[in-house]
Each structure stands twice: as C-alpha cells, then as structure tokens.
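Participant: How does the following fold in three dimensions:
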Amino acid sequence: MEPAPVFLPAPAIVEDRSKPVVIRPPEVNGAHDYAVIGYLLVFLMTLPWFIIVLTIGAFGLLASPYLPFPVILPPVLPVWLVSIPLIGALLLILTFPGVGLTPSWFVYLGFGAIGLLAVLIFIAIVYFGTVRNINRGRYEKARSAALFFAVLFLIPVFLVLVAPLSFFPTVVLLLPAFFFFMTYGRLGEVIAKYGPVAVLGEAVPGVGVAGGPPGPMFGGPPPMGGPFAGPPMGGPFAVGPMGGPMPGGPMGGPMPGGPMGQFPGQMGMPAPSAPAPAPKTPLCPTCGRDLYYSANHRRWYCQTCDGSSTHL
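Facilitator: Residues are numbered from 1 along each chain as shown. All right, here's what the predicted structure looks like:
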C-alpha cells in the first residue's frame, strides 16, 4: 500500500508575480469596512462642491465669445438653484459683482475646471491612501493615512469657537473623522498580530511534495548493490560467454545481483519502476478549494472562506 504523501509546511515561492494573490486575514475586514464607510461619506460630502464647480464652469462655457449667443456675466441664477441650502449661498457669493469672481468667461471656466480637478484628486488620494492600501496589504501606510484624514476632518470642527454659525456645516465632518479613527485603531490591532505588510506573491497554490525513501515505489533508483528484478516468466533469458546459458536460478527467475546491479559478463539494466505519485494540493475542509500559504502570516488560507481578496 502506498504511503500518504508528505506535505512541506510551506511551498516554494513562485517567482512569477504576474498574478499575485493578496491574503487578507479575517481581522482586516473590520478595518476595511470602516475605511470604505469613511470614503463614501467623503464622496457624498463632495457632491455639493461638484454642483458648484460644474455650475460655474457651465456659465463660463456659455459666456464664451465663440458661441453665437453668449450668456452675459455675472449670470442670473435660477430660483431653484439659489434655494438649495449651502450651495445656493455659495453660488451667490461667487457670482456676486465686486465680491465673487471676475465676470470673465475665462475666469469662470478656469474656476470650474480647476475646482473639478481638485475634488477628483482629493477623492483619489483618500481612496488610494486608505481603502486601496488595505486591499493591497499595506497596513502601516493605510493606518497613517487614516490618522491623517481623521485629523484633517476634525480640525474644521473647532471653527465653531470663533464662528458659531459654522457649527452645522462643520459638525458633519465628524462622521468621516470618526470612521477614519476607527480604521486607525483596527489597523493597529492587525499590525500587532500580522505585521505592517501582507507579503504579496508569497501566497502561492499549496503544492504538496510527495516524498519518501528512494526505491521503485517512489520512482527513485534501486539501492546500490540491492537485488535486481529479473525478466518476467517466459521472457528472454540472459546468455553467458560463447552463447551458453548463464548459471542461475530457475527458468525466468531472478538472477543473483552483483555490485551496481551487474551480472558476470553483462551490464545490469535498471529495474522498471512505477512513476512517482503526482503532487497533491491541500484542499480547504470547508469548501474544497485549493489552499494558499502566506509566509507573512505563517498559515494556510482559503480565498473563499478566509475572506481574502484578489489583486486590485
């Protein structure tokens, strides 16, 4: 009976990193969820700014002298737009003559384009600094970014000490600051348990190694000086010098082996051996999928059951 294959505790590291597998421990899921909620709150808070810069840019585009019927600046804002809380007030300030922007189509268009680009860059920085770093396993960088944005959104709240009317617009910033602080705390626990970085590329398919002593059962050569298996019953019989039969056992039986598996007057042939057993892949006991080994976490992972994520 063939013995069970022996599995090494960690498979060899695959050099091909074209498709790395990012191992995310279950403890990281909480920090990731907090970071996603904080990012979504930041995105929702930038929607009013989107409306403002797009409106100003649209007025600048419509006032371009290259159009057949350009709009006269400063524009007359519609009532429904002015009635929007906070957005309408900011638009009135930006378009009010002598207080807001210079009534030039180029100034209006440039303000809209630069404002739109600035808000897009800010949203991208928040995403790549927190959510993306967690997905890529860079826990220390994500923790530092979460603390930075938490303090950044917390600072404007203290403006209520000098401007009490700014309480309601700024108190909303406490929501993303709270979730970024929670992300900072959870990532501290993850770093203390798993380290600051989840190693990429070292989580490879868990290919087991079928090992065993050398011999026909494991596909290796026969031991030096060991017995040599003769031909099958009725097969060709070795001949000695001058064509005579060699002395030995019964017809078709095994012949006495000498050193290095040689016979007197004839070189010995290697014994036929069975092919080595194919390496087996350890499977997840829950879902039956292939397991992956993470050298950073020193454990096997299932991409489905352990909540891991693919490369992003």
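Participant: what helix or strand is the residue lying closest to residue 108 once chain neighbours are set aside on?
Facilitator: Distances taken as Cβ to Cβ, 6 or more residues apart in numbering place residue 60 nearest to residue 108, at 2.8 Å, with adjacent residues excluded. The way it works is simple: take the backbone N, C-alpha and C, and place the C-beta from them, glycine included. Under the criterion of DSSP states H and E, residue 60 resides in helix 47-62.
Participant: what's the average pLDDT for that helix?
Facilitator: Taken as a whole, helix 47-62 has a mean pLDDT of 91.
Participant: so what does that helix touch, helix or strand wise?
Facilitator: helix 87-95, helix 105-126 (3 or more Cβ pairs under 8 Å, 6 or more residues apart in numbering; DSSP states H and E).
Participant: For those, please prepare a markdown table with the additional fields distance to residue 305.
Facilitator: A markdown table is the format used below for the helices and strands packed on helix 47-62 (distance: least, Cβ to Cβ, whole Å):
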| stretch | distance to residue 305 |
| --- | --- |
| helix 87-95 | 47 |
| helix 105-126 | 31 |
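Participant: where among those helices is the average confidence lowest?
Facilitator: Within the helices and strands packed on helix 47-62, confidence is poorest for helix 87-95, with a mean of 84 (mean pLDDT).
Participant: Which secondary structure elements does that helix sit against?
Facilitator: Helices and strands touching helix 87-95, by 3+ Cβ pairs under 8 Å, 6+ apart, are helix 47-62, helix 79-82.
Participant: do you know which of the ones you listed lies nearest residue 149?
Facilitator: helix 47-62 (16.6 Å; Cβ to Cβ).
Participant: residues touching the nearest residue to residue 55 once chain neighbours are set aside, list them.
Facilitator: Excluding the flanking residues, the one nearest residue 55 by Cβ to Cβ, 6+ apart is residue 91, at 6.3 Å. By Cβ atoms under 8 Å, 6 or more residues apart in numbering, the residues touching residue 91 are 52, 55-56, 77, 81-82.
Participant: Let's see that with 7 Å instead.
Facilitator: 52, 55, 77, 81-82 (Cβ atoms under 7 Å, 6 or more residues apart in numbering).
Participant: Please report the distance of it from residue 32.
Facilitator: Per Cβ to Cβ, to the nearest Å, residue 91 is found 37 Å from residue 32.
Participant: what about the helices in this structure?
Facilitator: Under the criterion DSSP state H, helices of the chain are mapped to 28-45, 47-62, 79-82, 87-95, 105-126, 133-135, 139-154, 167-171, 174-194.
Participant: May I see the contacts of residue 91 arranged in TSV, with neighbour count and distance to residue 153 as well?
Facilitator: Converted to TSV, these look like this (neighbours: other Cβ atoms under 10 Å; distance: Cβ to Cβ, whole Å):
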residue	neighbour count	distance to residue 153
52	22	19
55	20	25
77	15	30
81	13	27
82	12	28
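Participant: Go through the residues you listed and name the one nearest residue 287.
Facilitator: Using Cβ to Cβ, the contacts of residue 91 come closest to residue 287 at residue 52, 49.6 Å.
Participant: Great, nothing more from me.
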